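**Q** here are the coordinates; sequence isn't available:
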């Protein structure tokens, strides 16, 4: 059994960072749904801006808000304005075709990537 990437929000822009907030990474529910991430799911967050990497869990942000907020201790590592990648994983015995969306600077979906196109991200 291998752990493989199942979900990816590519080039999301962090809209807020709140150290005082109890939690993790808050993501617009529409974006969670777009790649099949669950509320409470463990995710790897990588900053394209600073190179920081961290694991946390997802909480649902208001639908249509395009919010991607780093909360709690995670806000010390990744701040507002940074460009990030959010990845969800699963254990599988066979290859998995991940659900990947490419976002613009306002966290709007600009492209859905499927199959071999994922290699070009």
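**A** Looks like it arrived, so ask away. Note that this is a predicted model, so its numbers are computed, not measured.

**Q** which residues of this structure fall in helices?
**A** 29-35, 74-77 (DSSP state H).

**Q** Return the distance of the shortest one from the chain's centre.
**A** Translated: helix 74-77. 15 Å (Cα atoms, centre = their mean, to the nearest Å).

**Q** Which residues does that helix contact?
**A** 17-19, 21, 24-25, 45, 47, 50, 52, 54, 56, 70 (Cβ atoms under 8 Å, 6 or more residues apart in numbering). All C-beta spots, glycine's among them, are computed from the backbone N, C-alpha and C.

**Q** Sitting in strands, which of these do you find?
**A** 17, 18, 25, 45, 47, 54, 56, 70 (DSSP state E).

**Q** Taking these together, which two end up most distant?
**A** 18 and 47 (16.5 Å; Cβ to Cβ).

**Q** neighbour-wise, which of the two wins?
**A** residue 47 (18 against 15; other Cβ atoms under 10 Å).

**Q** Please tell me I have it right and the more buried one contacts residue 81.
**A** No: in this structure residue 47 lies outside contact range of residue 81 using Cβ atoms under 8 Å: 10.5 Å.

**Q** Burial check on residue 32, number of neighbours?
**A** 23.
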